[in-house]
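>>> Build me a model:
(chains A and B)
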Amino acid sequence: MILRIEKREQGSALFRSLTTTASLLCALLFAGFLLFFAGVDPAAAYLEILKESLGSSYGLSETLVKATPLIITGLAVSIAFRMQIWNIGAEGQIYMGACGATGVALFSGLDSPLMLPAMFAAAFIAGGLWAAVAGLLRALWQVNEVIVTLLMNYIAILLTNYLIFGPWKNPDGYNFPLTAQFSDAARLTEYFNTRLHSGFFLALFCALAVYLLMERTIWGFQVKAIGSNPAAARYAGMKTGLAIFLVLALSGAIAGVAGFSEVAGLQHRLQHGISPGYGYTAIIIAWLARRSALGVVIVSLLMGILLVGGDSLQLSWQLPVAFAYAFQGLILFFLLASDFFINFRLRRVKETDDA
Amino acid sequence: MKKFCAALAILALLTACTSNDQKPTEPAAEASGAKQIKAGFVYVGPVGDAGWTWSHDQGRVAMEKADYVTPSTFIESVPEGAESARVINGLVQKGHNLIFTTSFGYMDATLDVASKNKDVVFMHCSGYKSAENVGTYFGRMYEPRYLSGIIAGKMTKTNSIGYVAAFPIPEVIRGINAFTLGVRSVNPQAKVKVVWTQTWFDPGIERDAADSLLDVGADVLTMHQDAPATLQAAEARGAYVIGYNSDTRKFAPNAFLTAPIWNWASIYTKTAAEVQNGTWKTSQIWWGMKEELVQLAPLSDRVPTAVRQLVEEKRKAIVAGSLHPFSGPLKDQTGKETVAAGVTLDDGALLGMNWFVEGVQGTIPK
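Got it, this is the predicted structure:
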């Protein structure tokens, strides 16, 4: 008896969601064993994670704060994925967006009603231009965008370092690598005396805009058509090169908006490590969300719960930080495995003599 | 075979986990009468077994010996920046009444949480902002750095010493300058070559930097990072090395000479006592070798007796206040006198230091 992998027919929505739920439960069960052997009651730990991330207005606000950059960046990456273009450079584009927004915040001297829109525009353009380099190389000379976007992350982060160690350093900051804090005009509104800022609603707005763009416009249709069959799309008269360039530029521009939201809503200055890897987490999010805008929002919120609640494992039980990583890794691992079982099935086949 | 390996791996994983038997931490109980100290620590890296975070954790453990200190909590590998505010707030929510944030990048977050929790005492390490309930603390690491420079200056044969530097911030620059002044106090011919890694912990990059310094003839190395890469590079090439943060001789048994090290227990114990008896007031602590916050790790047997005696003599002078590494005349890299004879740099100038003294080969990125 052997097992054979077969492609599965497109499953129903119910089947898909059941598989995803089952995989989550498997991950919780497996992680529960780890917790159990570490001397922690798994049920209590899971309750604690939910309580920390959703059980209070503070926890809830922190989960939304955490989800904000993930939603925006997830959308950025998923747009490109729609066309089978792999933007691995969202991390760098966040940094460039943050630099653009910071440049305007520190040096434009604009007043209240104009400041935030100008910062937004600068971030949008900075992130977009950064990704457009990869778009241009890909459209003109077929240079692999995975390599270009990935390597440009390092350049973006070093460029940010140059700015905060050099020309943008706060003159009153004892030569520490930080810019000055933004004026009130350059800060997003905060709500309910928490850190929840209007960047979250900006993220939701981005999700709606991306949804409308991809599902309700001809351009969105073209992107998807080129993604599923570039040769056919070209034959149908679509300008694939231009579309590739535009989709990468737009992807980078949206990631740049995440940089704007982080510096204007949360950090209020440019400093080292403004993104602890959101651009990479976004790739996982876009993948799990199966590239849909609504999916990105849902997965980002789940990820927010996981990240915010994960802290409580350390806080309440003094479990080592590796535990939080293992926990998050397990959940992603099982979710990706479920993806496999949604698209394929294992079939038992009888061994025959000639097999 | 594959299955067996997998089973073995899982078994190993499980046994590794069973060694911890932990209970949820209870919110701080206000004992009748005397105030109990429930301290929380925010760490930038994992505790591990050497280095910056480990040295803080040693201080935490020492602090817990006081009977008014209930078991404390630490959170490892907390990202710097706004992210840390949530963790700091979490410690407050869990009833901690004394919170130490042990990296520069927690500065804004610490002040932010502190402004909303006036009844909790916060101590932020290495920053410059304080508040009514936020004190800062750091050490005059340049004092033992100066002493280690004397040893390096005496031990080098090539008169070329390598410094694997972290980020070009004043603290690191101050260390390089103090070290170089120590070197040149005993060996005016020697040069200190600086390579920046822009890392606090990255074994690969730091090893490359250390190797590049050895390649250009350095025979004594020192460093400012947490990873033992520089120590190992020196050990592998038969050079000498001076560590940092904690006593790391086990990584380089032959090459290790000494290390300027932290002893946070002195500050943690004192702060806990003050908060407990109600005498704590915000201040900007910057202690040196006199208060034993910074020290030189025991010298290796390879350091000759004459050098040991010289170092001990200078140590006593620093503790007594008769020797200050940054007293004039000091020259900058171009040979121009920047501090006149008889003048000593004040703390403001030290804290914002952004220039190299004569004898340093390297540039500060601007």
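
>>> residue ranges with poor pLDDT in chain B?
B:1-34 (pLDDT under 70).

>>> Give me the domain ranges for it.
Chain B breaks down into these domains under automatic domain parsing: B:36-139+B:264-287, B:142-259+B:297-361.

>>> Out of the ones you listed, flag the one nearest residue A:144.
domain B:142-259+B:297-361 (24.7 Å; CB to CB). C-beta: built from backbone N, CA, C; applies to glycine.

>>> can you put the domains of chain B in JSON lines and add distance to residue A:16?
JSON lines is the format used below for those (distance: least, CB to CB, whole Å):
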{"stretch": "domain B:36-139+B:264-287", "distance to residue A:16": "33"}
{"stretch": "domain B:142-259+B:297-361", "distance to residue A:16": "41"}
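
>>> export the ones you listed to CSV and tack on distance to residue A:168 and mean neighbour count?
Listed next are the domains of chain B as CSV, based on distance: least, CB to CB, whole Å; neighbours: other CB atoms under 10 Å in any protein chain shown:
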stretch, distance to residue A:168, mean neighbour count
domain B:36-139+B:264-287, 16, 20
domain B:142-259+B:297-361, 15, 20
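
>>> Any chance of those in CSV with distance to chain A as columns?
What follows is the domains of chain B, written out as CSV (distance: least, CB to the nearest CB, whole Å):
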stretch, distance to chain A
domain B:36-139+B:264-287, 4
domain B:142-259+B:297-361, 5
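
>>> pLDDT averaged over the longest helix along chain A, what's the number?
Ranked by residue count under DSSP state H, the longest helix found in chain A is helix A:112-141. Per-residue pLDDT over helix A:112-141 has a mean of 94.

>>> Find the centremost residue of chain A, please.
Nearest to the geometric centre of chain A sits residue A:282, at 2.4 Å (CA atoms, centre = their mean).

>>> does that one belong to a helix or a strand, and which?
Using DSSP states H and E, residue A:282 sits within helix A:278-288.

>>> just residue A:95 next, same as before
Per DSSP H and E: helix A:90-107 holds residue A:95.

>>> Then residue B:310?
In the assignment (DSSP H and E), residue B:310 maps to helix B:305-320.

>>> what's in contact with that helix?
B:143, B:146-147, B:150-151, B:154-155, B:186, B:288-290, B:296, B:299, B:303, B:323-325 (CB atoms under 8 Å, 6 or more residues apart in numbering or on different chains).

>>> Which elements pack onto the helix or strand following that helix?
Counting by DSSP H and E, the element after helix B:305-320 in chain order, helix or strand, is strand B:330-331. Contact analysis of strand B:330-331 by 3 or more CB pairs under 8 Å, 6 or more residues apart in numbering or on different chains; DSSP states H and E lists strand B:337-339 as its packing neighbours.

>>> quick one, what contacts the nearest residue to residue B:218 once chain neighbours are set aside?
Nearest residue to residue B:218, sequence neighbours excluded (CB to CB, 6 or more residues apart in numbering or on different chains): residue B:162, at 3.4 Å. Each residue near residue B:162 by CB under 8 Å, 6+ apart is listed here: B:192-193, B:195, B:210, B:213-214, B:216, B:218, B:220-222.

>>> Which of the three states applies to residue B:162?
strand (DSSP: H, G, I helix; E, B strand; the rest coil).

>>> Helix A:90-107 and the helix holding residue A:282, what's the angle between them?
130 degrees (axes from the mean of the first three to the mean of the last three CA atoms, to 10 degrees).

>>> so where do the strands sit in the stretch 1-150 of chain B?
B:37-42, B:69-75, B:98-101, B:121-125, B:134-139 (DSSP state E, counting those that start in this stretch).

>>> Neighbours of residue A:110, how many?
17 (other CB atoms under 10 Å in any protein chain shown).

>>> what about the residue nearest to it when sequence neighbours are not counted, distance to residue A:274?
Nearest non-adjacent residue to residue A:110, counting by CB to CB, 6+ apart: residue A:118, 5.5 Å away. Counting by CB to CB, to the nearest Å, the gap from residue A:118 to residue A:274 is 19 Å.

>>> Which of the two has more residues huddled nearby?
Taking residue A:118 and residue A:274 together and counting by other CB under 10 Å, residue A:274 has the greater number of neighbours (28 against 16).

>>> Quick check, that one in contact with residue A:261.
No - at 10.8 Å, residue A:274 does not count as touching residue A:261 under the criterion of CB atoms under 8 Å.

>>> Could you report the separation of residue A:180 from residue A:263?
From residue A:180 to residue A:263 the distance is 12 Å (CB to CB).

>>> Show the contacting residues for residue A:253.
Contacts of residue A:253 were listed using CB under 8 Å, 6+ apart, and they are A:76, A:93, A:124-125, A:127-128, A:131.
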